[in-house]
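In: Quick check, what structure comes out for this input:
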Amino acid sequence: MDKLQAMQVFVQVVELNGFARAADKLGLPRASVTTIIQNLEAHLGTSLLQRTTRRLSLTADGELFHERALRILAEVEEVEIGFTEGRRHPKGRLHVDMPTSIGRLVVIPQLREFHARYPDIELKLGMNDRQIDIVQEGVDCVLRVGELADSSMIARRLGLLSRITCASPSYLEKYGVPQCLEDLSVHQGVRYFSPHLGNRSYPFEFVKDGVEIDMPLKGAVAVNDSEAYIACGVQGYGLMQPGLFMVLEQFQRGELVEVLPEFRPRPMPISAVYPPNRQPSQKVRLFIDWVVSLFEQCPILQGADKPFACYQHAA
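Out: Take a look at the predicted model:
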């Protein structure tokens with residue numbers, strides 16, 4: 001029995017809560033994963049996992065073995081990085097998940113640069129606006145916007161996303177340009193809802209005299225996709241509060257106009273997040289360092305509030 005492989009398989013089965021998911025992540029036949037775990041338990045002379053029809057749980061011995069296996073695997077990886085060509089020639093698959101707008105407007109336009117640096121890293125990019133379960137879905141790293149509710153994860157701050165309140169010229173011609181927060185009582189908003197909020201919509205946020213104010217706006221449409229959100233705003237369905245980097249092209253074409261600039265909402269943090277129960281792999285570290293460099297090139301991804309200060313970088 002390959003003891004190191006057995007540890008790796010066991011850790012993946014635990015982290016992904018399933019033999020099938022672990023097999024897919026490791027690129028092994030599902031029957032092989034089952035056999036490896038059975039041989040490992042026989043070798044140790046103890047049961048490591050309690051199996052039910054819906055999920056797996058660790059026995060007391062399983063918890064102890066899992067903790068020690070994680071430590072051993074992390075140490076092995078560090079040794080390999082220090083004594084092999086891996087530092088100069090990283091390779092393998094890296095699964096990263098990110099919001100659609102970040103992927104389309106920030107990461108994808110510069111992706112050739114990443115592959116030029118690391119041609120042997122195979123990137124699997126998931127792009128959607130839902131918050132995934134990193135461990136359950138077998139993702140190595142995620143990019144998340146907003147304050148992090150799960151304090152158990154390890155996070156590295158990438159930047160701050162400036163936000164604005166805006167609408168299409170046709171909408172403002174019909175409803176008027178609000179001059180103060182009280183004027184919003186006659187306006188409509190494009191609402192953005194999220195499963196993270198129990199499918200409720202995010203409130204409209206404004207900052208007045210240093211105080212953050214949440215204001216509900218009535219509206220005819222609510223969406224849960226960032227590109228649909230921008231499209232609804234351009235079509236005149238109401239006010240919206242996108243990240244500034246998301247609407248630079250629409251501003252340039254005159255399809256959107258900023259309103260209430262003196263009450264801009266606070267910038268939202270964006271972070272790279274990975275699980276805490278293991279050292280980040282070299283591939284994860286390299287990807288995060290690269291994304292940090294992308295954000296550092298652009299002022300509006302660091303909280304700057306000039307609408308066109310970074311158009312050449314983001315376009």
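
In: Please name the residues that touch Leu161.
Out: By C-beta atoms under 8 Å, 6 or more residues apart in numbering, the contact list for Leu161 reads Val145, Gly243, Leu244, Phe245, Pro267, Met268, Pro269, Ile270, Ile300, Leu301, Gly303. Where C-beta positions appear, they are placed from N, C-alpha and C, glycine not excepted.

In: List only buried entries from these.
Out: Val145, Gly243, Leu244, Phe245, Pro267, Met268, Pro269, Ile270, Ile300, Leu301 (16 or more other C-beta atoms under 10 Å).

In: any idea where the strands of the stretch 151-300 of the chain begin and end?
Out: For the stretch 151-300 of the chain, applying DSSP state E, counting those that start in this stretch gives strands covering 154-161, 165-167, 191-194, 200-201, 204-208, 211-215, 222-223, 257-259, 268-274.

In: tell me the pLDDT at Val79?
Out: What the model reports as pLDDT for Val79 is 67.

In: any weak-confidence spans in this structure?
Out: 53-54, 78-88, 149-152, 195-199, 277-280, 304-315 (pLDDT under 70).

In: which helix of the chain spans the most residues?
Out: The residue-count maximum for a helix in the chain (DSSP state H) belongs to helix 60-83.

In: so what secondary structure elements neighbour that helix?
Out: On a contact count with 3 or more C-beta pairs under 8 Å, 6 or more residues apart in numbering; DSSP states H and E, helix 60-83 meets helix 3-16.

In: how far off helix 60-83 does the helix it packs on point, in degrees?
Out: Put simply, helix 3-16 runs at 120 degrees to helix 60-83, going by axes from the mean of the first three to the mean of the last three C-alpha atoms, to 10 degrees.

In: Could I have the CA atoms of helix 3-16 written out in PDB?
Out: C-alpha atoms of helix 3-16 as PDB (Å, rounded to 0.1, in the frame of the first residue of the first chain):
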ATOM      1  CA  LYS A   3       0.800   5.100   2.500                       C
ATOM      2  CA  LEU A   4       1.300   8.700   1.200                       C
ATOM      3  CA  GLN A   5      -1.400   8.200  -1.500                       C
ATOM      4  CA  ALA A   6      -3.700   6.600   1.000                       C
ATOM      5  CA  MET A   7      -3.400   9.700   3.200                       C
ATOM      6  CA  GLN A   8      -4.000  12.000   0.200                       C
ATOM      7  CA  VAL A   9      -7.100  10.000  -0.800                       C
ATOM      8  CA  PHE A  10      -8.400   9.900   2.800                       C
ATOM      9  CA  VAL A  11      -8.000  13.700   3.200                       C
ATOM     10  CA  GLN A  12      -9.900  14.300   0.000                       C
ATOM     11  CA  VAL A  13     -12.700  11.900   0.900                       C
ATOM     12  CA  VAL A  14     -13.100  13.800   4.200                       C
ATOM     13  CA  GLU A  15     -12.900  17.300   2.800                       C
ATOM     14  CA  LEU A  16     -15.200  16.600  -0.100                       C
END
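
In: what comes up buried for stretch 90-106?
Out: Under 16+ other C-beta under 10 Å, the buried positions of stretch 90-106 are 90, 94-103, 105-106.

In: check contacts around Ala167.
Out: Gly233, Gly236, Gly238, Leu239, Met240, Leu256, Val257, Val259.

In: Report the central residue of this structure.
Out: Here the mean C-alpha position of the chain is nearest to the C-alpha of Leu143 (C-alpha atoms, centre = their mean), at a distance of 2.6 Å.

In: Contacts only, for that one.
Out: Per C-beta under 8 Å, 6+ apart, neighbours of Leu143: Val96, Asp97, Met98, Pro99, Ile102, Leu158, Ile270, Ser271, Ala272, Val273, Val291.

In: please redo it, this time with the cut-off set to 7 Å
Out: Met98, Pro99, Ile102, Ile270, Ala272 (C-beta atoms under 7 Å, 6 or more residues apart in numbering).

In: Quickly check those for the two that are furthest apart.
Out: Spatial extent of the contacts of Leu143 (C-beta to C-beta) is set by the pair Pro99 and Ala272 at 12.3 Å.

In: From Cys232, how far out is the nearest residue to Val14 once chain neighbours are set aside?
Out: Excluding its sequence neighbours, the residue lying closest to Val14 (C-beta to C-beta, 6 or more residues apart in numbering) is His66, at 5.5 Å. Distance, His66 to Cys232, using C-beta to C-beta, to the nearest Å: 47 Å.

In: picking that back up, what's the helix or strand for the residue nearest to the centre of the chain?
Out: Using DSSP states H and E, Leu143 maps to strand 141-145.
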